[in-house]
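K.L.:
Got a predicted structure plus its sequence, pasted below:
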Amino acid sequence: ALSLGTGLALVERTAAYAGQRTQFGRPIGSFQAVKHRLADALIGLEFARPLLYGAAVALASASGPAGEVRAEVAAAKVAAGEAAYTAARTALQVHGALGYTDEYDLSLWIRKARALRSAWGSPSICRARVLAP
């Protein structure tokens, strides 16, 4: 859930920045390449949302075997973590070198997305849990 929220915050802030920054007399958000990168990041986050809700329901009900609950949680974590990391990379690309500076809040969000991606199990470990019989 933290990864999903972080990714959504990154996309929202980046879209606002893209609407303000101009290049060649136009906001950079009007360029197709920027629109597509932001849309891809948002689609990944929206695909992770139902997996997150499913994992929350599975944990709350805990009606199935422990392996099924673990697999649902692992699937949600991998989807949300990868989507948030993609949103962070997109935000950094759209912001340019400004995203690396510690004086700008974007660097905090990017570090959070990177840390959450590998917290409580790397993506490869979570994928293995999903695929385990």
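P.N.:
Received the coordinates, thanks. Numbering: from 1, shown residues only.
K.L.:
Tell me which residues touch the residue nearest the centre of the chain, please.
P.N.:
Central residue of the chain (C-alpha atoms, centre = their mean): residue 84, 1.3 Å from the mean position. Counting by C-beta atoms under 8 Å, 6 or more residues apart in numbering, residue 84 touches 3-4, 6-7, 10, 45, 113, 116-117. Yep, even glycine has a C-beta here, placed from its N, CA and C like the rest.
K.L.:
For the residue of the chain most remote from its centre, give me phi and psi.
P.N.:
The outermost residue of the chain relative to its centre, with distances by C-alpha atoms, centre = their mean, is residue 25 at 30.8 Å. Main-chain dihedrals, residue 25, degrees, to the nearest 10: phi 80, psi 10.
K.L.:
can you check residue 22 too?
P.N.:
phi -110, psi 150.
K.L.:
Same check on residue 27?
P.N.:
Dihedral angles (degrees, to the nearest 10) for residue 27: phi -60, psi 140.
K.L.:
Quick check: closest non-adjacent residue to it.
P.N.:
Nearest non-adjacent residue to residue 27, counting by C-beta to C-beta, 6 or more residues apart in numbering: residue 19, 5.3 Å away.
K.L.:
do the same with residue 112
P.N.:
Counting by C-beta to C-beta, 6+ apart, the residue nearest residue 112 is residue 6, at 5.2 Å.
K.L.:
got a list of what that neighbour touches?
P.N.:
Per C-beta under 8 Å, 6+ apart, neighbours of residue 6: 84, 87-88, 109, 112-113, 116.
K.L.:
distance of it from residue 53?
P.N.:
Separation of residue 6 from residue 53 (C-beta to C-beta, to the nearest Å) stands at 17 Å.
K.L.:
Need the pLDDT of residue 125.
P.N.:
With respect to pLDDT, residue 125 scores 86.
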